[in-house]
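**Student:** what would the 3D arrangement of this be:
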Amino acid sequence: MLDTRSRRVVAALTLAGLMAPALAPVAVLAHGDVAPQPVNTDALPDVGEEWLTENPYRAEKAGEETWRAALHIGDSGYNQNCARCHGLGAVSGGLAPDLRFLEAAEYGDEWFAERFQHGYTQDGTTKMPAFGEVLGQKAGWAIRTYIETRPEDGALDGHSDRLHKLRDELAAGQGDGAAIKAELMQIAAEVKTASGAPVADSVVSRAAETLTDDPASFKHAAEVLTIGLSAAQ
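**Tutor:** Numbers count the residues shown, from 1 in each chain. Take a look at the predicted model:
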C-alpha cells in the first residue's frame, strides 16, 4: 500500500485539483502489474485509427482549447494508469523511467507511442503492459501531453518568494484578482519543462486558471499555491 508520505502527497495534490481522486485508494503494484483504467476522451477531437508519430494535441497544432482539454484528460489518465510505476506527477522513484525527460519532439513521441501501444517485456517479464488497444490513441496522446508539460526540478525556485507573497494576499482575500491572475500567468510562462515543451503545466498556471472574479476563488487559488509550493520544497 502507499506509505505515509505518499498518502500525504496524494491527499494534498487531490485537494489542490492536481491529481485524479481515483488514484488515492490504489495499491503500489509491481512494475507491469497494472489493470488499465478507462479514460474518457469524448472532449478531444478524433485523430483516426492509425497511430500517429507526433502528438496531435499540442497547442501549436490543435489550438489552446484542445491542448488544455488534452492536458486535463491526460492528467487523470496518467494518475489512474501510470503514476503507480512512473511516479506522482511523473517524478519517478526509480522503478520506471522518469518520463518528464522524454523529449517533446517527434523522436520522443515515437518512443512513447511504441511503449504505450505495445508495452515492454524483458527476459520474458512484462515490465510495462500494452495500453494501446485498451485505452486508445486519444488517451495515449492526452497522457503524452500531460507528461511533456511537467516542470523541471527547481522550476519555481526563482519565483518562490513572490509566489508566497501572492499566496498570502489571496488567502487574506486581498489584492486585485485580475492583476494577481495576470502576474501568475506571467510567472507561469517562465516555468520551464523538463522535456523542452514550450509551456509547463505548473502549480502557478493551475492557480491562475482557478482565479476568477468570484472572491471564493481567491481561497482556492491560495490552497493550490500553498500545496504546490510545499511539494516543491
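
**Student:** CA only for contacts and neighbour counts going forward, please
**Tutor:** OK.

**Student:** could you identify the helix or strand that succeeds the helix or strand of the chain with the lowest mean pLDDT?
**Tutor:** Using mean pLDDT, DSSP states H and E, helix 4-15 stands out as the lowest-scoring helix or strand of the chain, at a mean of 40. Where DSSP states H and E defines the elements, the next helix or strand beyond helix 4-15 is helix 59-62.

**Student:** which residue ranges of the chain form helices?
**Tutor:** Remark: helices of the chain, listed N- to C-terminal, are 4-15, 59-62, 64-81, 83-86, 106-118, 132-148, 160-171, 177-190, 203-210, 216-232; assignment by DSSP state H.

**Student:** okay if I get these as CSV plus distance to N40 and mean neighbour count?
**Tutor:** Written out in CSV, the entries for the helices of the chain read as follows (distance: least, CA to CA, whole Å; neighbours: other CA atoms under 10 Å):
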stretch, distance to N40, mean neighbour count
helix 4-15, 19, 16
helix 59-62, 19, 13
helix 64-81, 7, 22
helix 83-86, 18, 23
helix 106-118, 17, 17
helix 132-148, 8, 24
helix 160-171, 33, 17
helix 177-190, 27, 17
helix 203-210, 21, 22
helix 216-232, 25, 19
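
**Student:** could you export those as a markdown table, including distance to L44?
**Tutor:** As requested, those are arranged in a markdown table below (distance: least, CA to CA, whole Å):
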| stretch | distance to L44 |
| --- | --- |
| helix 4-15 | 23 |
| helix 59-62 | 10 |
| helix 64-81 | 7 |
| helix 83-86 | 22 |
| helix 106-118 | 18 |
| helix 132-148 | 7 |
| helix 160-171 | 33 |
| helix 177-190 | 24 |
| helix 203-210 | 20 |
| helix 216-232 | 26 |
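
**Student:** which one of these lies nearest to G154?
**Tutor:** Between G154 and the helices of the chain, the tightest spacing by CA to CA is seen for helix 216-232, at 7.3 Å.

**Student:** between helix 160-171 and the closest one, find me the angle.
**Tutor:** Orientation check (axes from the mean of the first three to the mean of the last three CA atoms, to 10 degrees): helix 216-232 against helix 160-171 gives 150 degrees.
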